[in-house]
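Asks: based on what follows, work out the 3D shape:
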Amino acid sequence: MSSITIYHNPRCGTSRNTLAMIRNSGEEPVIIEYLKTPPTRDQLVALIAAAGLGVRGIMRAKEKLFGELGLADPAVSDEALIDAMMAHPILINRPIVVTQLGTRLCRPSEVVLDILPQPQRGAFTKEDGEQVVDGEGRRV
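Replies: Sure, this is the predicted structure:
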């Protein structure tokens, strides 16, 4: 069993880049496609606490539904925001990666490098052509 878990959306370029960097370190993570298998409320609350971003920090504010539901209103409580994420997992920002070194919302994707237990095994270039890791496995 891997010591790395990624809450992943395969349709998201940032999520795909993050997964590829995990694999570039020689690890095969546990992949949770959170839109198909959302976290439980307790798991979501634990992820939010471990990431240290607060409830609003883990929400996908760019999602159309965020605005439609009036979630930008500062009067909306954390409990109501969590309720919204439970009802609509698309509101959970991604990717979230958990390793023994920490939990991070990996936006940008190279944030994952801070919590990977193993170094990169070679060069890595994101889908958009931006080089993130050089041929020796060092962050650019």
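Asks: now Y7: phi and psi?
Replies: As for Y7, its main-chain torsions (degrees, to the nearest 10) stand at phi -90, psi 110.
Asks: I'd say it and P39 touch.
Replies: Yes: taking C-beta atoms under 8 Å as the definition, Y7 is a contact partner of P39 at 7.1 Å. For every residue, glycine as well, the C-beta is placed using N, CA and C.
Asks: report the set of residues contacting both of the two.
Replies: Shared contacts of Y7 and P39, defined by C-beta atoms under 8 Å, 6 or more residues apart in numbering, comprise I32, L47, I92.
Asks: neighbour count: Y7 and P39, which is higher?
Replies: Using other C-beta atoms under 10 Å, the more surrounded residue of Y7 and P39 is Y7, with 28 against 19.
Asks: next one: that one from V140, what distance?
Replies: 26 Å (C-beta to C-beta, to the nearest Å).
Asks: give me the neighbour count for the residue nearest to V76 when sequence neighbours are not counted.
Replies: Counting by C-beta to C-beta, 6 or more residues apart in numbering, V76 lies nearest to G70, which is 7.0 Å off, once chain neighbours are set aside. Neighbour count for G70, taken as other C-beta under 10 Å: 11.
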